[in-house]
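K.L.:
Return atomic coordinates for the entry below.
(chains A and B)
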Number of protein chains: 2
Amino acid sequence: MLSEFDLIKQYFKRHRPGRAALGIGDDCALLAPSPGMQMAISSDMLVEDRHFFAGADARMLGHKCLAVNLSDLAAMGARPVAFTLALALPAAEPAWLGAFAAGLFALADLHGCELIGGDTTKGPLTICITIFGELAPGHALRRDAAIAGDDIWISGTLGDARLALAGYRKEYALDDAAQRMAGTRMHMPTPRVALGLALADARLAHAAIDISDGLVGDLGHILAASNAGASLNVDALPAGQVLAAQPQALRRQFCAAGGDDYELCFSAAPEQRAAILAAGAASGTALTRVGTIDAAPGLRLVDAQGRALDLQLAGFDHFASA
Amino acid sequence: MLSEFDLIKQYFKRHRPGRAALGIGDDCALLAPSPGMQMAISSDMLVEDRHFFAGADARMLGHKCLAVNLSDLAAMGARPVAFTLALALPAAEPAWLGAFAAGLFALADLHGCELIGGDTTKGPLTICITIFGELAPGHALRRDAAIAGDDIWISGTLGDARLALAGYRKEYALDDAAQRMAGTRMHMPTPRVALGLALADARLAHAAIDISDGLVGDLGHILAASNAGASLNVDALPAGQVLAAQPQALRRQFCAAGGDDYELCFSAAPEQRAAILAAGAASGTALTRVGTIDAAPGLRLVDAQGRALDLQLAGFDHFASA
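P.N.:
Numbers count the residues shown, from 1 in each chain, chains lettered A, B, ... in the order given. From the prediction side, this is the model:
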């Protein structure tokens, strides 16, 4: 059995130059934003049997737990800088730790995001990452910045992660290839970091949020914070590749209120349409216009013909759904 | 049952001016250190049945989980600024949440440390706090800065928290009053923030660490990082009020390798003795000189007469002790 200190050293301490003035191995890490920049900070906790299945692939889990945090930075338009990792483990298993670290660092290195500290302890498998990004004051993509008349945009595609969950749970039958393809969207989300940066740097977007609990619920946070309403064309929502081949009712449900998508939902002035599409192309991210911010409160779901849809949808709530 | 969002709002969102440019309720919080300052960052995870008993008093738990993080800032000499809280809870119980928040915020307010974000989820009771302090570049009390000839100092007293644990575990018999008094040291540790700041601001100390896993193990981290050794007078160690009345063998054991003390252990040049005692007095913290940093590697434990002691001691290791 590895000791806690050996564990940290062997799997998580890397000998390479980083941004931190002091990293792993002291009481605190030392870090400063670039001159004149603000730090954007977010913290997410992933719990076994709640956010991932017991026995989940350790490499994909390492990817996902950092991806969901990077997605929060993307939704603010912040550039990733560093993160801390607190890890409760039932046991220190070298194979698991090696795979987890490999998945974690592959994504971290892709975004130049340095592990600067954390904690390890024995306990039910729980992963808490706190991530640090930086951005120029006044450039943050805040939830409270949507303006009536704004377009509503969605990056990438929605619903395949929720479809994969339905397949794993036997709520819905998928063949093996479809289950595997949808499962990849669930286990290996792509945080839209470059898109978020482009939107914030050039001030192309007003409000933004990342879609983690389902579009309707997450868009609802923008509307509440911005004292606004919206009309959402449910049939314009970009379904994931596997979901796109399923019946309309399921497409609508899982696009509008799936969860675990980690795409960006943002609002922007209609004059920015060309610039936004260019930013999407430059960052390799498909973008779809799906609705409009309204002055009147409430979220109106409509179909392709503009007719009101009465879907029974709810964002994911960890306690309400318990 | 409260929803996750009601939960956050009701217990953890406070309406008062703070340091953060943007706090709870967006994808990230926004924070900048004061001009020219570095941020010190630390993360600790506390797990039920590991770091605290099931059914632990929620108010004291709220205090303790922030105290252990403040203690990490103290050990760097950083001024507390803000923290994030990630909380996994089996259920959202209003009475528990109210008491937990009360204990947490009482200590946070004492140190001007603002809750700026976090996460709540359902799961086995687990608390992860990431804390942010600031300090001037070059002033950090690092583990690798001990110099041969330095005095070794300890703040406050040691061992009562470990004694309380022995009592709860029925390893050792304590009467009710003694159990209660020692228990307070275990449940309500006092982070030595003012002392750490004074030592760093005036550059009085070289290396420092907070004693969380037992003095011998934690001092060992300083020695390893500083490529140094030390002589430690075990009988000079300041025993807690309850431990001081127990037999010598127990006093030695629990002072040298108790754990959960959250006192500071630091090294400083002998010329600084008067200034250090003054800093201790100014911050209301008793200070005791307990040994010397040596050039020769290894930690030599001696008694009051300078005779070698062969105690079987080990710092607390979450995995090795499993």
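
K.L.:
where does chain A dip in pLDDT?
P.N.:
Scanning chain A for pLDDT under 70 picks out A:1-5, A:8, A:15-17, A:313-322.

K.L.:
longest helix anywhere in it?
P.N.:
Ranked by residue count under DSSP state H, the longest helix found in chain A is helix A:58-76.

K.L.:
Now the element after it, going C-ward?
P.N.:
strand A:79-89 (DSSP states H and E).

K.L.:
So chain A: which segments form each domain?
P.N.:
A:4-135, A:143-302 (automatic domain parsing).

K.L.:
Now do the strands in chain A.
P.N.:
Using DSSP state E, the strands of chain A run over A:29-31, A:38-47, A:79-89, A:114-122, A:126-135, A:151-155, A:208-211, A:229-233, A:263-268, A:287-294, A:298-302.

K.L.:
ok, the shortest one near chain B or not?
P.N.:
Yes - part of strand A:29-31 sits close enough to chain B to count as contact by C-beta under 8 Å from any C-beta of the partner chain, namely A:29-31. Bear in mind the C-beta positions are built from the backbone N, C-alpha and C, glycine included.

K.L.:
which bits of the stretch 101-250 of chain A sit near chain B?
P.N.:
A:116-124, A:126, A:128, A:130, A:132-133, A:135, A:137, A:140, A:142-144, A:208-210, A:225.

K.L.:
Of those residues, which count as buried by neighbour count?
P.N.:
A:116-124, A:126, A:128, A:130, A:132-133, A:135, A:140, A:142-144, A:208-210, A:225 (16 or more other C-beta atoms under 10 Å in any protein chain shown).

K.L.:
To what extent is A:Ala308 buried, counted in neighbours?
P.N.:
9 (other C-beta atoms under 10 Å in any protein chain shown).

K.L.:
which residues does it form a beta bridge with?
P.N.:
For A:Ala308, the beta-bridge partners under DSSP bridges are A:Val302.

K.L.:
so who does it touch?
P.N.:
A:Ala308 sits next to A:300-302 when contact means C-beta atoms under 8 Å, 6 or more residues apart in numbering or on different chains.

K.L.:
10 Å - rerun?
P.N.:
A:231, A:300-302 (C-beta atoms under 10 Å, 6 or more residues apart in numbering or on different chains).

K.L.:
how far away is A:Val68 from chain B?
P.N.:
A:Val68 sits 10 Å away from chain B, going by C-beta to the nearest C-beta, to the nearest Å.

K.L.:
what's near enough to touch that residue?
P.N.:
Contacts of A:Val68 (C-beta under 10 Å, 6+ apart): A:42, A:44-46, A:51, A:127, A:129, A:131, A:189, A:191, A:210, A:212, A:260, A:262, B:119.

K.L.:
one more time with 8 Å, if that's ok
P.N.:
Per C-beta under 8 Å, 6+ apart, neighbours of A:Val68: A:44, A:46, A:129, A:189, A:191, A:212, A:262.

K.L.:
related to what we said a few turns ago, let me have the strands of chain A in CSV, extended by distance to B:Gln241.
P.N.:
Converted to CSV, the strands of chain A look like this (distance: least, C-beta to C-beta, whole Å):
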stretch, distance to B:Gln241
strand A:29-31, 35
strand A:38-47, 37
strand A:79-89, 33
strand A:114-122, 29
strand A:126-135, 35
strand A:151-155, 60
strand A:208-211, 51
strand A:229-233, 62
strand A:263-268, 57
strand A:287-294, 63
strand A:298-302, 61
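
K.L.:
for the ones you listed, which one sits closest to A:Phe105?
P.N.:
Closest to A:Phe105 of these, according to C-beta to C-beta: strand A:114-122, at 7.6 Å.

K.L.:
Counting by contacts, list what the closest one packs against.
P.N.:
Helices and strands touching strand A:114-122, by 3 or more C-beta pairs under 8 Å, 6 or more residues apart in numbering or on different chains; DSSP states H and E, are helix A:4-7, strand A:29-31, strand A:79-89, helix A:94-110, strand B:38-47.

K.L.:
Name every strand pairing with that strand and say which way it goes.
P.N.:
Sheet pairing for strand A:114-122, using DSSP bridges, gives strand A:79-89 (parallel).

K.L.:
Phi, psi for the closest residue to A:Ala166 other than its chain neighbours please.
P.N.:
Nearest-residue entry for A:Ala166: A:Tyr172, 4.0 Å, with adjacent residues in sequence omitted and distances by C-beta to C-beta, 6 or more residues apart in numbering or on different chains. Here is the backbone geometry of A:Tyr172 (degrees, to the nearest 10): phi -150, psi 140.

K.L.:
Please name the residues that touch A:Arg142.
P.N.:
Counted by C-beta under 8 Å, 6+ apart, A:Arg142 has contacts A:76, A:207-208, A:225, B:22, B:26.

K.L.:
A:Arg162 now?
P.N.:
So A:Arg162 contacts A:214, A:254, A:258-261 (C-beta under 8 Å, 6+ apart).

K.L.:
what about 10 Å?
P.N.:
Here A:Arg162 is in contact with A:172, A:182, A:185-186, A:214, A:240, A:243, A:250, A:253-255, A:257-261, A:316 (criterion: C-beta under 10 Å, 6+ apart).

K.L.:
and what of A:Ala279?
P.N.:
Counted by C-beta under 10 Å, 6+ apart, A:Ala279 has contacts A:194-199, A:201-202, A:204-205, A:268, A:272, A:285, A:287.

K.L.:
Which PyMOL command selects the buried ones in the residues you listed?
P.N.:
The PyMOL selection below is limited to those of the contacts of A:Ala279 classed as buried (16+ other C-beta under 10 Å):
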select buried, chain A and resi 194+195+196+197+198+199+204+205+268+272+285+287
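
K.L.:
distance of A:Arg59 from A:Trp96?
P.N.:
To A:Trp96, A:Arg59 is 10 Å away according to C-beta to C-beta, to the nearest Å.

K.L.:
quick one: common contacting residues for the two?
P.N.:
By C-beta under 10 Å, 6+ apart, no residue touches both A:Arg59 and A:Trp96.

K.L.:
Could you count how many residues lie near the spatially closest residue to A:Ala101 that is not a sequence neighbour?
P.N.:
Once flanking residues are discounted, A:Ala101 sits nearest to A:Tyr11: 4.6 Å by C-beta to C-beta, 6+ apart. Counted with other C-beta under 10 Å, residues neighbouring A:Tyr11 total 21.

K.L.:
right, so of the helices and strands packed on strand A:114-122, which gets closest to A:Trp153?
P.N.:
Taking the helices and strands packed on strand A:114-122 one by one with C-beta to C-beta, strand A:79-89 is closest: 20.8 Å.

K.L.:
Which positions within that closest one qualify as buried?
P.N.:
Applying 16+ other C-beta under 10 Å to strand A:79-89 flags A:79-89 as buried.

K.L.:
again, but for stretch A:60-76
P.N.:
Result for stretch A:60-76 [16+ other C-beta under 10 Å]: buried residues A:60-76.

K.L.:
tell me which of the contacts of A:Arg142 is nearest to A:Asp176?
P.N.:
A:Ala208 (36.1 Å).

K.L.:
from memory the closest one sits against A:Ala74, does it?
P.N.:
Yes - assessed by C-beta atoms under 10 Å, A:Ala208 is found in contact with A:Ala74 at 8.3 Å.

K.L.:
list residues touching both of these two?
P.N.:
Contact criterion C-beta under 10 Å, 6+ apart; residues shared by A:Ala208 and A:Ala74: A:141, A:155, A:192, A:195-196, A:199-200, A:264, B:27.

K.L.:
What about those residues, which are in helices?
P.N.:
A:195-196, A:199-200.

K.L.:
out of the residues you listed, which one sits closest to chain B?
P.N.:
Nearest to chain B among these: A:Gly196, at 9.4 Å, using C-beta to the nearest C-beta.

K.L.:
measure the residue nearest to A:Gly280 when sequence neighbours are not counted to chain B for me?
P.N.:
Spatial nearest neighbour of A:Gly280, chain neighbours left out: A:Leu287 (3.8 Å); criterion: C-beta to C-beta, 6+ apart. Separation of A:Leu287 from chain B (C-beta to the nearest C-beta) stands at 19 Å.

K.L.:
same deal with A:Ala286?
P.N.:
Where chain B is concerned, A:Ala286 sits at a distance of 21 Å (C-beta to the nearest C-beta).
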